[in-house]
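Return a 3D structure for these sequence lines:
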Amino acid sequence: CYEAALELSNTGRDELCVALHSNLAQCHLNLELFRRAVDSASACLRLDWRNQKALFRRAVAYEKLRQPDNALADLDALLKLDPSHAESLKARDRLKKTVAQSSLAPKKSTSEGLASIGSAPVVVEGSTDWCSGLKDRDRYEWFLDCYRLRLDDDCAAATASNPSLRGLYTPDVKR
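Numbers count the residues shown, from 1 in each chain. Below you'll find the predicted structure:
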């Protein structure tokens, strides 16, 4: 709905577009599509760099994407605009604790985890070698994110002439 409204807007620089991008960022957060939330909040901030909702929403998305430095930068920018923003103060304290704890944790060697780009093995379709270095929780989150993006793309493909879903989500497809 918000994406359709953005496509129909002519100027792209009015208050409506700022609100649409900000609300779209919140929708993506609610759907746990954190990369898209960052993109929507960033688009809002390109139009209005002082938009507190967009700064906070992008900080939340960065936190969920495990990018605490980016989240802290947005929270600091927000707190410069409004030093008494309670949610930002709580989030900043939480992130600083997380960063401090992760800096105390022992570092993994570079030989662990994913292979370097130059020596990356050939991955055969259907194999799981590409995710062998990921923790189970990270692997789960990655697959869940892919599923949500697929569902989002399939739902977005519905048109007025063909309102049904397509692909795996089409109810009338015989399997």
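
going forward, measure contacts between C-alpha atoms and count neighbours the same way
Will do.

Name the next helix or strand downstream of the lowest-mean-pLDDT helix or strand in the chain, please.
Every helix and strand in the chain was compared by mean pLDDT, DSSP states H and E; the lowest is helix 2-8, with a mean of 61. Helices and strands here follow DSSP states H and E; after helix 2-8, the next one along the chain is helix 15-30.

quick one: average confidence on the next helix or strand after that following helix?
Per DSSP H and E, the first helix or strand lying C-terminal to helix 15-30 is helix 34-47. Taken as a whole, helix 34-47 has a mean pLDDT of 92.

Just the angle for helix 34-47 relative to helix 15-30, thanks.
Interaxial angle, helix 34-47 versus helix 15-30 (axes from the mean of the first three to the mean of the last three CA atoms, to 10 degrees): 160 degrees.

what sits up against helix 34-47?
With contacts defined as CA atoms under 8 Å, 6 or more residues apart in numbering, helix 34-47 is touched by 13, 17-19, 21-22, 24-29, 51, 54-55, 57-58, 61-62, 64-65.

10 Å instead, please
With contacts defined as CA atoms under 10 Å, 6 or more residues apart in numbering, helix 34-47 is touched by 3, 12-15, 17-31, 48-65, 145, 149.

If we go by neighbour counts, what in that helix is buried?
Applying a neighbour-count criterion of 16 or more other CA atoms under 10 Å, the buried positions in helix 34-47 are 34-45, 47.

Tell me the one of the residues you listed nearest Asp76?
Closest approach between the buried residues of helix 34-47 and Asp76, by CA to CA: Leu45, at 14.8 Å.

any idea how far Lys64 is from Asp48?
23 Å (CA to CA, to the nearest Å).

same check, this time on Ser88
Here the distance between Ser88 and Lys64 works out to 15 Å (CA to CA).

what's the answer for Cys27, then?
Cys27 sits 15 Å away from Lys64 when distances are taken as CA to CA.

Please apply the same query to Lys53.
17 Å.

between Ser88 and Lys64, which one's more packed in?
Each of Ser88 and Lys64 has its neighbours counted (other CA atoms under 10 Å); Ser88 has more, 23 against 16.

so which strand or helix has that one?
Secondary structure from DSSP H and E places Ser88 in helix 86-104.

If you count contacts, what does that helix end up packed against?
helix 52-64, helix 68-81 (3 or more CA pairs under 10 Å, 6 or more residues apart in numbering; DSSP states H and E).

and that helix, average pLDDT?
Mean predicted confidence for helix 86-104 is 89.

what's the angle from that helix to helix 52-64?
Orientation check (the same axes, to 10 degrees): helix 86-104 against helix 52-64 gives 20 degrees.
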